[in-house]
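Engineer: sequence-free structure coming up:
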């Protein structure tokens, strides 16, 4: 069986991390989990260590001070590639991404028909979002439309953070040249995949806003995403040698 790992970045996720780890471990597929913790002051990493005593497939990378989502994922990608995983996923810890969807996403990669699979809130012009105020739904939906306009990517949910990659794809991306560290990181990874000519597939998911813990979204993160999209058009993207 080919090896799959789920990267979960954390910062102050004590309300969610134990339930999330138990849920992923209960799935009908032997996913490994790598938690990348940015020195959470609430003790998230210590809770992960208690779960490591129960499950052999849980790993912890303590990533130092909080340096943004992209920094955590890049550290996680490098860790996974060094350990020869075949498929590498990223997802949030707050249950906005349903772990059950990992099975469908993994099947897409195992089929060999795609290189990146996105758990999409907006594919097929349907908005699958629960518990968000309409203002945030509209902001997210039109942000993806804005990204499509400037990048020409045919991706309905360009800002999605529920994604699976083949290891072969990640090996060709020069991770040290990924510029953005906030949510623009998600756009840059998709755009890099698109420019390298690799296949991107979206499957529908239902996104449910967190009910425990605090959101990490801020105005600065959103501005980085909007302004960063324009600069991507001028980035010279080549496969890593």
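Structural biologist: Great, that's in hand. These numbers come from a predicted model, not from an experiment.

Engineer: so for the helix or strand containing residue 194, mean pLDDT?
Structural biologist: Assigned by DSSP states H and E, residue 194 belongs to helix 184-195. Averaging pLDDT along helix 184-195 gives 94.

Engineer: one more: stretch 209-226?
Structural biologist: For stretch 209-226, mean pLDDT is 59.

Engineer: right, and the helix or strand after the helix or strand harbouring residue 149?
Structural biologist: Using DSSP H and E, residue 149 sits in helix 134-151. Using DSSP H and E, the helix or strand that follows helix 134-151 in sequence is strand 163-166.

Engineer: returning to that earlier point: downstream neighbour of the helix holding residue 194 in the secondary structure list?
Structural biologist: strand 200-204.

Engineer: centre of the chain to that next one, how far?
Structural biologist: Distance of strand 200-204 from the chain centroid (C-alpha atoms, centre = their mean, to the nearest Å) equals 14 Å.

Engineer: list the strands paired with that strand, with their directions.
Structural biologist: Strand 200-204 has the following strand partners under DSSP bridges: strand 116-120 (parallel).

Engineer: show me the contact partners of the next helix or strand after the strand it pairs with.
Structural biologist: Per DSSP H and E, the first helix or strand lying C-terminal to strand 116-120 is strand 129-130. Applying C-beta atoms under 8 Å, 6 or more residues apart in numbering, the external contacts of strand 129-130 come out as 121, 137, 140, 206-209. Yep, even glycine has a C-beta here, placed from its N, CA and C like the rest.

Engineer: residue furthest from the geometric center of the protein?
Structural biologist: residue 53 (25.9 Å; C-alpha atoms, centre = their mean).

Engineer: from residue 21, how far out is that one?
Structural biologist: When distance is defined by C-beta to C-beta, to the nearest Å, residue 53 is 12 Å away from residue 21.

Engineer: and the pLDDT at the closest residue to residue 189 other than its chain neighbours?
Structural biologist: The shortest distance from residue 189 to any non-neighbouring residue, by C-beta to C-beta, 6 or more residues apart in numbering, is to residue 178 (6.9 Å). If you check residue 178, the pLDDT there is 93.

Engineer: and stretch 151-159, how far out from the chain middle?
Structural biologist: On C-alpha atoms, centre = their mean, the centre of stretch 151-159 falls 15 Å from that of its chain.

Engineer: and that stretch, end to end?
Structural biologist: 13 Å (C-alpha to C-alpha, to the nearest Å).

Engineer: in that stretch, which residues are buried?
Structural biologist: Residues 151, 153, 155-159 are the ones in stretch 151-159 that count as buried (16 or more other C-beta atoms under 10 Å).

Engineer: with stretch 29-42 instead?
Structural biologist: Applying 16+ other C-beta under 10 Å to stretch 29-42 flags 31-38, 40 as buried.

Engineer: and residue 181, which of the three is it?
Structural biologist: coil (DSSP: H, G, I helix; E, B strand; the rest coil).

Engineer: doesn't residue 71 make contact with it?
Structural biologist: Yes - here residue 181 reaches residue 71: they are 5.3 Å apart, a contact under C-beta atoms under 8 Å.

Engineer: looking at the two, which one has more neighbours?
Structural biologist: Taking other C-beta atoms under 10 Å, residue 181 and residue 71 do not tie; residue 71 has more neighbours (21 against 18).

Engineer: now do the phi/psi pair for that one.
Structural biologist: phi -60, psi -40 (degrees, to the nearest 10).

Engineer: what does the pLDDT read for it?
Structural biologist: Taking residue 71 on its own, its pLDDT is 93.

Engineer: that one against residue 63, yeah?
Structural biologist: Yes - using C-beta under 8 Å, residue 71 is in contact with residue 63, at 7.1 Å.

Engineer: tell me which helix or strand residue 103 sits in.
Structural biologist: Take DSSP H and E as the rule and residue 103 turns out to sit in helix 101-110.
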